[in-house]
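Trainee: have a look at this prediction, sequence included:
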Amino acid sequence: MYENLEIWWVTGAQLLYGGDAVVAVDAHSKEMVDGLNKSGRLPIKVVYKGTANSSKEVEDVMKAANNSNQCVGIITWMHTFSPAKMWIHGLRQLHKPLLHLHTQYNAEIPWDTMDMDFMNLNQSAHGDREFGHICARMRIPRKVVVGHWTEPEVQDHIAVWSRVAAAWADAQDMLILRFGDQMNNVAVTDGDKVEAELRLGYHVDYTPVSELMEHLKKVDEKDVDALVKEYFSLYAHAPEMEDPKSDDYKAVRSAAKAEIAIRSILKEKGAKGFTTNFDDLGTNDINDPNFLGFDQIPGLASQRLMAEGYGFGAEGDWKSAALYRTLWFMTQGEPGGCSFLEDYTLNFDGKQSSILQAHMLEVCPLIAEEKPRLEVHFLGIGIRKAQTARLVFTSKPGNGVTATVVDMGNRFRLIVNDVECIKSKPLPKLPVASALWIPMPDFATGAGAWILAGGTHHSCFSYSVTPEYWEDYAEIAGIEMVHIDRNTTMEGFKKELRYNEVYYLLNKSLQ
Ligand code: MN
């Protein structure tokens, strides 16, 4: 999915040192960009856009970056002392993520041979400080990466930012369909959709369930047969389920129909995610002769569509739907997997105290440890109360990161928590997919800090992201991020929340 995307590389220079120096810098830059692309560590190709030697050239390349659909971000590197006033007009106009790479063509100082010509070609030590100053002075959000361009760690920092920049671009035309509203009275999953679009880029549309049902009406029975076959080939299941006369088969078939209908409306509208509401599934009365609706909560559909990359939030949680899509998008091709999850129930067990993460149906199979099992069970929640298909599994042990966005009234706050997934156990009487984790730094501090920060019971979890991904995301979006990790103390965290309160009040008044 990153194939058509580009990261642009712009080398800051000036003409003070003569044309020969610029020619050499140009050759060095090309070699550096080629080296990065050949490293095999960058998910998105870097395209060298030449040296910028004047205010006009800077402005031209920034405007071109803004207008390019391929370009998801810009890397700048100052080979020389590029006088930074020439960056003012261009930076002011740049609307794409910026990474400032503090590196140098040459690695070690050639002590015995270094002369002034060498110096003129390897001036990043002061050039990048001049550029850093103007970015700081202009309050330009950016990521600063420091290190030699051939180092794998440096390339990995660029790779993370590239993925986040791509996900940011993806979010700028993201449409989330809301089938039904929030669950009545629920505060934490709601928020200001206008501000979300201004700040985070995505758009959330109410979509009448009746419109979705028009897609359900048009589902081709042959497609349903094929999808059910696919289920049976992909997932463990009881052999009796394949008997077309069995109730389980009928429930699975009906779930497949729901999946086709939801995918169809998502595709038709070009949407990248959706939310559902278990009280709004079409005609309320299933005995109505003109019944047109889902006969069960479309949980299996949500699980599978999440795995396909569609954002999903249960109970109208559009912020989680958008965040999940971003999480999925930026971790494409990485091992691990991600899912929408809910803090389900607590397990007090001394130092191993943990939180069971699940949902009544909607957990993404990408995090499954074993082959998911397709099961049908009665679900007594919501308008339908029916035999309901779902994928059941436990998730892999391992470290991961979970995140949520809440609306604080004057800003969005991204809350990130490092977690350790421990071995979860099957729940024979509660057949749902689940994970079991200990929040860092420990159960009490992790859960306490999350609650103090106003975090949701819904979050977007991944085995493959590191906190750096979310740090880059928050920087690009210009939103608050609080990170609960191994070093968090309640005392320090409380102070951080209070300091941030002041910072964002001030920040708002400056805009
Ligand atoms: Mn929920």
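Mentor: Nice, I can see it.

Trainee: low-confidence ranges, the stretch 151-300 of the chain, go.
Mentor: Residue ranges of the stretch 151-300 of the chain with pLDDT under 70: none are present.

Trainee: quick one, strands of it?
Mentor: For the stretch 151-300 of the chain, the strands defined by DSSP state E, counting those that start in this stretch cover 175-179, 203-207, 273-275.

Trainee: neighbouring contacts of the shortest one?
Mentor: Spelled out, that is strand 273-275. By CB atoms under 8 Å, 6 or more residues apart in numbering, the residues outside strand 273-275 that reach it are 174-180, 207, 262, 266, 305, 310-318, 321-322, 324-325. (Glycine included, C-beta is placed from N, CA and C.)

Trainee: want to throw the strands of the stretch 151-300 of the chain into CSV with distance to the ion and mean neighbour count?
Mentor: Formatted as CSV, the strands of the stretch 151-300 of the chain follow (distance: least, CB to the ion, whole Å; neighbours: other CB atoms under 10 Å):
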stretch, distance to the ion, mean neighbour count
strand 175-179, 15, 22
strand 203-207, 17, 17
strand 273-275, 11, 28
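
Trainee: nearest to residue 21, of those strands?
Mentor: strand 203-207 (47.8 Å; CB to CB).

Trainee: and that closest one with strand 175-179, angle?
Mentor: Interaxial angle, strand 203-207 versus strand 175-179 (axes from the mean of the first three to the mean of the last three CA atoms, to 10 degrees): 30 degrees.

Trainee: contact partners for residue 268?
Mentor: With the criterion set at CB under 8 Å, 6+ apart, residue 268 makes contact with residue 215.

Trainee: ugh, wrong one, residue 63
Mentor: Residue 63 touches 90, 93, counting by CB under 8 Å, 6+ apart.

Trainee: can you confirm it is in a strand?
Mentor: No. Counting by DSSP: H, G, I helix; E, B strand; the rest coil, residue 63 is not part of a strand but helix.

Trainee: how near is it to residue 89?
Mentor: To residue 89, residue 63 is 10 Å away according to CB to CB, to the nearest Å.

Trainee: with adjacent residues omitted, what lies nearest to whichever residue of the stretch 1-150 of the chain sits closest to the ion?
Mentor: Closest to the ion within the stretch 1-150 of the chain is residue 1: 28.0 Å, counting by CB to the ion. Using CB to CB, 6 or more residues apart in numbering and skipping the chain neighbours, the partner closest in space to residue 1 is residue 332 (5.6 Å).

Trainee: doesn't the one you found belong to a strand?
Mentor: No. Under three-state DSSP, residue 332 falls outside any strand and is assigned coil.

Trainee: what number of residues lie near it?
Mentor: Residue 332 is flanked by 14 other residues according to other CB atoms under 10 Å.

Trainee: just residue 350 next, same as before
Mentor: 6.

Trainee: for residue 342, see how far away it is.
Mentor: When residue 350 is compared with residue 342 (using CB to CB), they lie 24 Å apart.

Trainee: go on, residue 40?
Mentor: 38 Å.

Trainee: please apply the same query to residue 294.
Mentor: For residue 294, the distance to residue 342 - CB to CB - is 21 Å.

Trainee: out of those two, which sits in the more crowded spot?
Mentor: A direct count of neighbours by other CB under 10 Å for residue 294 and residue 342 places residue 294 higher, at 29 against 22.

Trainee: torsion angles phi and psi at the nearest residue to the more buried one once chain neighbours are set aside?
Mentor: Among residues not flanking residue 294 along the chain, residue 281 sits closest, at 4.4 Å (CB to CB, 6+ apart). Main-chain torsions, residue 281, degrees, to the nearest 10: phi -130, psi 30.

Trainee: quick check, residue 281 in contact with residue 381.
Mentor: No. Using CB atoms under 8 Å, residue 281 is not in contact with residue 381, being 11.5 Å away.

Trainee: just the buried residues of stretch 439-456, please?
Mentor: 439-441, 443, 445-450, 452-456 (16 or more other CB atoms under 10 Å).

Trainee: that older thread, compare residue 281 and residue 381 and say which is more crowded by neighbours.
Mentor: Counted by other CB under 10 Å, residue 281 and residue 381 do not tie: residue 281 has more neighbours, with 25 against 12.

Trainee: distance check, that one against the ion.
Mentor: With the distance defined as CB to the ion, to the nearest Å, residue 281 ends up 16 Å from the ion.

Trainee: just give the number of residues close to the residue of the stretch 1-150 of the chain closest to the ion.
Mentor: Residue 1: 12 neighbours (other CB under 10 Å).

Trainee: go on, the one 4 residues further on?
Mentor: Applying the criterion other CB under 10 Å, we find 19 residues in the vicinity of residue 5.

Trainee: now do residue 362
Mentor: When counting by other CB under 10 Å, one arrives at 28 neighbours for residue 362.

Trainee: okay but it is in contact with residue 312, surely?
Mentor: Yes. Using CB under 8 Å, residue 362 is in contact with residue 312, at 6.3 Å.

Trainee: now for the two: what residues contact both?
Mentor: Any residue near both residue 362 and residue 312 by CB under 8 Å, 6+ apart counts here, and that gives 302, 306, 340.

Trainee: report all helices and strands that the helix or strand where the last one lies contacts.
Mentor: The one in question is residue 340. According to DSSP states H and E, residue 340 maps onto strand 338-347. Applying 3 or more CB pairs under 8 Å, 6 or more residues apart in numbering; DSSP states H and E, one finds that strand 338-347 contacts helix 318-330, strand 354-358, strand 434-439, strand 458-462.

Trainee: burial count for residue 167?
Mentor: 23.

Trainee: now do residue 56
Mentor: If we define neighbours as other CB under 10 Å, then residue 56 has 12 of them.

Trainee: and what of residue 128?
Mentor: With other CB under 10 Å as criterion, residue 128 counts 25.

Trainee: all helices for the stretch 51-200 of the chain, in order.
Mentor: 55-67, 88-93, 116-121, 124-137, 152-171, 193-200 (DSSP state H, counting those that start in this stretch).

Trainee: which residue does the stretch 401-511 of the chain bring closest to the ion?
Mentor: Going by CB to the ion, the ion is nearest to residue 458 of the stretch 401-511 of the chain, at 5.6 Å.

Trainee: ok, back up a step: any chance of the strands of the stretch 151-300 of the chain in CSV, plus distance to residue 498?
Mentor: Listed next are the strands of the stretch 151-300 of the chain as CSV, based on distance: least, CB to CB, whole Å:
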stretch, distance to residue 498
strand 175-179, 33
strand 203-207, 31
strand 273-275, 33
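
Trainee: give me the buried positions along the helix or strand of the chain at the bottom of the mean pLDDT ranking.
Mentor: Across the helices and strands of the chain, mean confidence by mean pLDDT, DSSP states H and E is lowest for helix 116-121: a mean of 87. By neighbour count on 16+ other CB under 10 Å, the buried set for helix 116-121 is 120-121.

Trainee: name the helices or strands packed onto it?
Mentor: On a contact count with 3+ CB pairs under 8 Å, 6+ apart, helix 116-121 meets helix 19-38.
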